[in-house]
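>>> using only what follows, build the 3D model:
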Amino acid sequence: MSATIEILPLAKKVKVRKKAFLSEALREADVPLSLYCQGRGVCGKCFIEVMDGKLPFFQPGEEELLKRAGLSPAHRLACQFVVESDLRLRIPERSLLGRVSVLEPAFEVQLSFDPVIKKYHVLLPRPEIATAEAELDILLQAIKSVPLRVALPVVQELPAVLNRSGRQVTAVVREGKELMTVEPGDTSAGVYGIAFDLGTTTLAAELVDLASGRTLGREARLNSQAAYGADVVSRISLAFEGPGRAAILRRAVLSDMNRIIRALAASAGLSPDLIQAVSVAGNTAMNHLLLGLPVDSLAVAPFNPVFSTLPDLPASELGLEIHPQGKVYIAPNIRSFVGGDTSAGLAASGFSEGRTTALYLDLGTNGEIVLRKGGKLWATSTAAGPAFEGMNISCGMLALPGAIYKVEADLNGFRCGTVDGAPAKGVCGTGLIDAASLSLERGLLTPQGQVTTASRTIPLTGSLALTQKDIRELQLAAGAVKAGIRMMLEANGLKAGDLEEVMIAGAFGSYLSVEHSIRLGLLPEVEPRLVRFLGNASLAGAKAFLVSFPSRKKAEETAAKIEHFSLASRPAFQEVFVSSLEFRTWK
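Model prediction:
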């Protein structure tokens with residue numbers, strides 16, 4: 001038995017089997033529904049309005065979420081809705097994942113231009129009867145290259161390519177070690193790669209001309225895996241349930257990447273098979289899920305990854321739709337949950353080459369912290385959770401149009417700034433921090449995190465307000481980061497005042513107020529001039545791995561020498577974490 005669902009405002013009609021969950025049906029219909037709690041019915045992000053059809057009874061907790069969101073009784077959570085009849089639905093804009101823009105690096109990457117793929121255009125002489133040289137040897141001599149690895153399909157196709165091109169060809173060489181393919185004619189100006197920042201929440205990419213190093217286009221989309229859980233812990237837990245679950249997550253992210261590849265190629269007027277190199281910078285869990293690797297070792301102590309550094313992988317084996325002989329480079333994991341996004345950021349920003357005492361922070365669902373002292377590096381990660389990205393917050397959302405990203409004091413309350421100046425729809429992580437800091441200053445919030453207003457909420461604008469539970473989520477996220485920084489500094493005999501620089505990477509850092517972060521204790525008390533925002537350092541590193549082969553080697557050397565600072569193995573961590581939950585400055 002099936003039912004027909006009409007979806008407004010998307011003008012879609014889909015058939016689904018009865019007794020199926022509505023959220024699953026919408027996901028299969030490629031409706032970008034917000035499903036951040038893995039369908040557990042606790043985040044309140046997937047409300048739909050039933051215009052016509054059987055309205056089910058409320059599930060436990062659903063009615064409270066409905067009231068909190070200020071929606072009519074005709075609304076239900078899609079993840080709790082079992083389809084019993086034909087339906088006509090309206091999906092509020094707030095329940096749909098919006099389009100994201102690419103956050104650019106906020107710094108100039110200093111690299112020597114030495115792309116991973118180079119092309120050599122040559123006119124090959126014909127073999128002579130006196131020598132009867134092999135065609136492959138003639139080609140290698142013409143490009144003045146040392147012996148190269150050559151895949152069998154390349155050798156098989158070589159005679160046909162030479163015949164139809166009048167022996168004028170272009171050799172495509174990877175890393176000076178492998179003859180990837182031989183193309184007829186002069187194609188030396190057309191060599192392309194794509195750099196990916198494989199984030200837990202967002203995927204961002206750049207199409208790069210490897211002949212010049214220029215960026216030809218940028219594209220981003222929300223990670224479809226978010227429908228199965230907002231953070232890496234929930235996705236690891238899902239994958240841990242069995243190979244079938246892990247395969248679902250892998251297919252989701254591969255589909256996202258291939259859509260980005262097609263979009264970038266189309267915008268540049270290229271065929272995707274002209275793209276011959278891909279580099280990927282993602283955290284440890286994300287790159288394991290992409291490669292179809294087991295995540296069992298990441299689910300239990302000692303939380304060790306399957307790999308640190310890998311050789312280039314065939315794109316065809318991964319399922320990426322680029323040139324058949326194209327290769328994929330995965331940025332090296334450092335230790336545990338400190339992954340390739342961090343190694344890429346360290347490489348691009350030059351942090352790993354410095355000698356001053358400094359911190360590198362990437363604050364997302366998984367917070368990575370790197371400490372540098374006298375040229376030596378320590379790294380750790382903290383399970384900050386999704387609060388910094390607006391998730392697990394009653395009126396929270398990603399930093400999309402309409403998200404409150406900035407809050408300022410006003411005579412009668414707060415003045416809120418939204419992304420793109422759009423009407424306020426929710427609050428993202430930086431707006432949450434601003435609001436909490438100003439509430440602390442005004443006495444609406446105690447250092448212990450207690451909301452003191454009569455309504456036990458902190459009004460923002462319109463019907464948007466922060467609840468006591470929202471503040472607790474922020475405390476947990478900020479406390480985890482604060483505890484990690486404090487313990488790393490103390491273990492190395494340092495105080496906040498010893499820091500000469502603090503680098504903050506990622507989208508969260510782009511809107512972050514240093515003043516408010518220090519007041520809450522998220523950042524140590526340092527001079528604001530010492531804080532430097534990097535933007536998307538992970539994407540900058542992924543691009544660097546395409547246009548400068550030596551940068552890969554440096555990143556791999558850095559990953560190997562960084563000392564892992566395990567918070568979980570330190571007996572004092574729980575005590576430090578609990579003491580870090582208070583909102584107060586620290587030195």
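>>> contacts for stretch 521-534 next, please.
Stretch 521-534 has contacts (C-beta atoms under 8 Å, 6 or more residues apart in numbering) with 105-107, 345, 349, 433, 478, 481-482, 485-486, 489, 496-497, 499-506, 509-510, 512, 514-515, 517-518, 540, 580, 582-587. Where you see a C-beta, it was placed from the backbone N, CA and C, and this is true even at glycine.
>>> how about 6 Å then?
Under the criterion C-beta atoms under 6 Å, 6 or more residues apart in numbering, residues 106-107, 349, 478, 482, 496, 499, 501-505, 509, 514, 517-518, 584-587 lie in contact with stretch 521-534.
>>> where are the low-confidence patches of the stretch 401-550 of the chain?
Counting by pLDDT under 70, the ranges of the stretch 401-550 of the chain that qualify are 509.
>>> show the buried residues in the contacts of stretch 521-534.
Neighbour counting with 16 or more other C-beta atoms under 10 Å marks 106-107, 349, 478, 482, 496, 499, 501-505, 509, 514, 517-518, 586 as buried within the contacts of stretch 521-534.
>>> now, those residues that are in helices?
With helices taken from DSSP state H, the overlap with those comprises Ser349, Ala478, Lys482, Gly509, Val514, Ser517, Ile518.
>>> distance from the chain centre to the helix or strand containing Glu575, please.
For Glu575, the enclosing helix or strand under DSSP states H and E is helix 573-579. Chain-centre distance of helix 573-579: 28 Å, with C-alpha atoms, centre = their mean, to the nearest Å.
>>> what helices or strands is that helix leaning on?
In terms of contacts (3 or more C-beta pairs under 6 Å, 6 or more residues apart in numbering; DSSP states H and E), helix 573-579 is packed against helix 468-491.
>>> who does the helix it packs on touch, helix- and strand-wise?
strand 367-373, strand 376-382, helix 573-579.
>>> now it - C-alpha only, PDB.
This file holds the C-alpha atoms of helix 468-491, laid out as PDB (Å, rounded to 0.1, in the frame of the first residue of the first chain):
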ATOM      1  CA  GLN A 468      17.800  27.700  30.100                       C
ATOM      2  CA  LYS A 469      18.600  24.500  28.200                       C
ATOM      3  CA  ASP A 470      20.200  26.500  25.400                       C
ATOM      4  CA  ILE A 471      22.600  28.100  27.900                       C
ATOM      5  CA  ARG A 472      23.500  24.700  29.300                       C
ATOM      6  CA  GLU A 473      24.400  23.600  25.800                       C
ATOM      7  CA  LEU A 474      26.700  26.600  25.300                       C
ATOM      8  CA  GLN A 475      28.300  25.900  28.700                       C
ATOM      9  CA  LEU A 476      29.100  22.400  27.700                       C
ATOM     10  CA  ALA A 477      30.600  23.400  24.400                       C
ATOM     11  CA  ALA A 478      32.600  26.400  25.800                       C
ATOM     12  CA  GLY A 479      33.700  24.400  28.900                       C
ATOM     13  CA  ALA A 480      35.100  21.600  26.700                       C
ATOM     14  CA  VAL A 481      37.200  24.000  24.700                       C
ATOM     15  CA  LYS A 482      38.300  26.000  27.700                       C
ATOM     16  CA  ALA A 483      39.300  22.900  29.600                       C
ATOM     17  CA  GLY A 484      41.400  21.700  26.600                       C
ATOM     18  CA  ILE A 485      43.200  25.000  26.300                       C
ATOM     19  CA  ARG A 486      43.800  25.300  30.000                       C
ATOM     20  CA  MET A 487      45.200  21.800  30.400                       C
ATOM     21  CA  MET A 488      47.500  22.100  27.400                       C
ATOM     22  CA  LEU A 489      48.900  25.400  28.700                       C
ATOM     23  CA  GLU A 490      49.400  24.200  32.200                       C
ATOM     24  CA  ALA A 491      51.100  21.000  31.100                       C
END
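>>> residues in contact with that helix: which ones?
Under the criterion C-beta under 6 Å, 6+ apart, residues 367, 369, 371, 378, 380, 382, 384-385, 387-388, 392-394, 432, 436, 449, 451, 456, 520-522, 565, 567, 576-577, 580-581 lie in contact with helix 468-491.
>>> what about Gly244, how many residues nearby?
Residues lying near Gly244 (other C-beta atoms under 10 Å) number 8.
>>> what does Leu377 give?
Neighbour tally, Leu377, other C-beta under 10 Å: 21.
>>> that one: what's it in contact with?
Residues in contact with Leu377 (C-beta under 6 Å, 6+ apart) are Ile562.
>>> from Val42, how far out is it?
Noted for Leu377: a distance of 38 Å to Val42, by C-beta to C-beta, to the nearest Å.
>>> Ala478 now?
21 Å.
>>> same question, Lys553
Distance, Lys553 to Val42, using C-beta to C-beta: 46 Å.
>>> rewinding a little: farthest-separated two in the ones in helices among the buried ones among the contacts of stretch 521-534?
The largest separation in those, counting by C-beta to C-beta, is between Ser349 and Ala478 at 23.6 Å.
>>> now do the residue most central in space within the chain against Glu24, distance only.
Centroid-nearest residue in the chain, with C-alpha atoms, centre = their mean: Gly199, separated by 1.0 Å. To Glu24, Gly199 is 25 Å away according to C-beta to C-beta.
>>> likewise for Ala227?
The gap separating Ala227 from Glu24 is 10 Å, by C-beta to C-beta.
>>> and what of Ala537?
In terms of C-beta to C-beta, Ala537 sits 36 Å off from Glu24.
>>> can I see the domain layout of this structure?
2-95, 117-184, 192-330 (automatic domain parsing).
>>> got a list of what Leu512 touches?
Contacts of Leu512 by C-beta under 6 Å, 6+ apart are Thr430.
>>> now do 7 Å
Thr430, Ile504 (C-beta atoms under 7 Å, 6 or more residues apart in numbering).
>>> same question for the one 3 residues further on.
Going by C-beta under 7 Å, 6+ apart, Glu515 touches Pro528.
>>> can we see that at 6 Å?
Neighbour list for Glu515: empty [criterion: C-beta under 6 Å, 6+ apart].
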